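A.B. asks: Attaching a predicted model along with its sequence, questions to come.
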Amino acid sequence: MGTEIRDLKARIVFNSRGEKAFEADVIVDGFVGRACAPAGASTGAAEAVAFPPSGPEGALQAFKEYSRKLVGFKSDDIVGLAELFHQIDQTPNFCKIGGAAVFAITVASVDAASKALGVPMFKLIGGEKEYGHPFPLGNVLGGGKHAGPGSPDIQEFLSLPVGAKRVYDAIYANILVHKEVRKLIEKKDPSFSGGKGDEGAWAPNLNDLEALEIVYEAVNNVSDKLGFKVKMGIDFASSSLYNPETKSYEYSRRGVKFSRSEQINFVLSIIDKYSPAYIEDPLFEDDFEGFSILTRESKRTYIVGDDLFVTNTNRLLEGVKIGAGNGVILKVNQVGPLGDALNFAKTAKANKYVVTVSHRSGESVDFHLAHIALGVSGEIMKSGVVGGERIAKLNELIRIDEFYGPFKMINLSW
Ligand code: PGA
């Protein structure tokens with residue numbers, strides 16, 4: 001069965017936040033690969049732009065003009081497709097044709113090739129090697145840009161089942177933590193309405209310190225119940241807290257402003273008290289040096305750059321030079337083509353950075369994230385806990401385990 005692209009289609013659909021989203025079909029010898037681009041809320045300044053200035057409709061118009069160039073191209077040539085898109089757009093951030101289209105077409109292509117060849121997508125991405133499941137990282141309580149006023153300033157309090165031996169148990173552990181968090185919120189605030197943020201995390205009327213206590217108690221309760229360790233993770237999404245004019249981190253709910261060194265001390269005090277396994281974006285997106293200080297000071301916690309690196313290999317190499325962070329977030333649509341994201345993962349691995357393959361806050365029910373996480377040997381897959389668009393990725397890991405496994409959890413020291 002050939003993998004040449006015979007035809008392509010594209011349309012605007014809607015994501016989990018009700019925003020316009022670019023979806024592409026790639027047709028290969030009677031098989032259709034399909035992918036829909038996700039969208040961020042707390043986006044990094046150096047990300048690929050989702051749409052050209054003329055918006056989603058402009059992206060569709062551009063698609064009509066360039067899509068014939070892809071016909072005849074091999075749908076499983078991930079690197080070649082990335083190069084082709086760079087030639088077509090010729091801007092570093094895909095501002096002519098839009099990064100959303102580039103994401104959707106390059107992922108749909110591999111999806112089509114996978115169907116045509118009868119080879120699972122993760123193997124087309126990762127080749128023949130020993131596979132291990134990523135640890136699922138799930139948002140259980142949140143605030144910031146993903147929730148309304150009154151919720152915590154910190155964007156995400158997460159659950160990471162570091163002691164799980166099977167992926168099913170790991171996913172179930174996060175679900176139990178999510179339920180436990182609700183119980184503990186209701187104990188503290190009987191008027192809690194059950195409101196959730198964009199990623200399905202509870203969005204209570206609590207400040208950061210109260211939220212930390214609740215999530216810490218929840219992960220410990222679930223650890224005791226299941227007999228393996230579940231740890232906390234935190235995504236500060238600090239670029240959203242940082243005010244460049246005052247050069248301070250503004251926690252408006254608590255009414256405090258932190259200088260850079262106060263922010264670092266705040267993060268270190270949280271590490272000391274709650275020993276989280278994972279901290280994402282503790283400083284704003286251009287503070288490579290601050291990341292480096294924090295990485296040196298915190299031994300047992302992964303310091304992960306999202307807005308800092310934006311899945312961009314050059315930014316990562318800048319960080320590697322000074323030891324900024326020891327973990328990266330990989331969000332394919334931050335960079336555009338799947339091929340560029342795979343190159344980023346390779347560079348991260350070569351420099352011993354832990355790779356977290358992540359969803360976006362605005363998502364579709366696509367399951368491809370699970371295949372990308374396995375394909376790049378990502379140690380962590382960040383994809384929420386509940387909600388159809390979050391669970392779609394987690395359930396795919398369970399199916400993969402049944403059809404192609406069983407796989408152990410990937411090797412990672414905590
Ligand atoms: P986003 O963040 O809003 O940029 O997609 C999502 C996340 O980091 O979980």
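C.D. replies: Sure thing, it's come through.

A.B. asks: C-alpha from now on. contacts and neighbour counts both.
C.D. replies: Noted.

A.B. asks: what ranges do the strands span in the stretch 1-150 of the chain?
C.D. replies: Ranges of strands in the stretch 1-150 of the chain, per DSSP state E, counting those that start in this stretch, are 7-14, 20-28, 31-36, 135-142.

A.B. asks: So which residues make contact with the third one?
C.D. replies: Applying Cα atoms under 8 Å, 6 or more residues apart in numbering, the set of residues contacting strand 31-36 from outside is 21-27, 104-105, 107-113, 115-116, 364, 366.

A.B. asks: before we move on, the earlier item: looking at the strands of the stretch 1-150 of the chain, which is closest to the ligand?
C.D. replies: strand 135-142 (7.5 Å; Cα to the nearest ligand atom).

A.B. asks: Name every strand pairing with the next helix or strand after the closest one and say which way it goes.
C.D. replies: Scanning forward in sequence from strand 135-142 by DSSP states H and E, the next helix or strand is strand 156-160. Pairing partners of strand 156-160, with direction, according to DSSP bridges: strand 135-142 (antiparallel), strand 231-235 (antiparallel).

A.B. asks: Compare those strands and give me the one nearest Asn207.
C.D. replies: Proximity to Asn207, assessed across the strands paired with strand 156-160 by Cα to Cα, is greatest for strand 135-142 (10.3 Å).

A.B. asks: quick one: is that closest one near the ligand?
C.D. replies: No. Strand 135-142 does not reach the ligand (Cα under 6 Å from any ligand atom); its nearest approach is 7.5 Å.

A.B. asks: residues of that strand that come out buried?
C.D. replies: By 16 or more other Cα atoms under 10 Å, the buried positions in strand 135-142 come out as Phe135, Pro136, Leu137, Gly138, Asn139, Val140, Leu141, Gly142.

A.B. asks: Check stretch 224-236 too.
C.D. replies: Neighbour counts over stretch 224-236 (16+ other Cα under 10 Å) mark Leu226, Phe228, Lys229, Val230, Lys231, Met232, Gly233, Ile234, Asp235, Phe236 as buried.

A.B. asks: In a markdown table, list the residues you listed along with pLDDT.
C.D. replies: As requested, these are exported to a markdown table (pLDDT from 0 to 100):
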| residue | pLDDT |
| --- | --- |
| Leu226 | 98 |
| Phe228 | 98 |
| Lys229 | 97 |
| Val230 | 98 |
| Lys231 | 98 |
| Met232 | 98 |
| Gly233 | 98 |
| Ile234 | 98 |
| Asp235 | 97 |
| Phe236 | 97 |
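
A.B. asks: Of the contacts of strand 31-36, grab the buried ones for ChimeraX.
C.D. replies: Buried residues among these (16+ other Cα under 10 Å), as a ChimeraX selection:
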select :21,22,23,24,25,26,27,104,105,107,108,109,110,111,112,113,115,116,364,366
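
A.B. asks: There's contact between Phe236 and Gln155 in this structure, I believe.
C.D. replies: Yes. Using Cα atoms under 8 Å, Phe236 makes contact with Gln155 at a distance of 5.6 Å.

A.B. asks: Tell me the residues on the stretch 301-414 of the chain that lie near the ligand, please.
C.D. replies: So the stretch 301-414 of the chain meets the ligand at Arg360, Ser361 (Cα under 6 Å from any ligand atom).

A.B. asks: Which residue ranges of the stretch 301-414 of the chain form strands?
C.D. replies: So, for the stretch 301-414 of the chain - with DSSP E, counting those that start in this stretch - the strands run 302-305, 327-330, 354-358, 380-382.

A.B. asks: Compile these into TSV and extend it with columns for mean pLDDT and mean neighbour count.
C.D. replies: Converted to TSV, these look like this (pLDDT from 0 to 100; neighbours: other Cα atoms under 10 Å):
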stretch	mean pLDDT	mean neighbour count
strand 302-305	98	26
strand 327-330	98	28
strand 354-358	98	26
strand 380-382	98	26
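
A.B. asks: Please name whichever of the strands paired with strand 156-160 is nearest to Ala392.
C.D. replies: Nearest to Ala392 among the strands paired with strand 156-160 is strand 135-142 (12.7 Å), distances taken as Cα to Cα.
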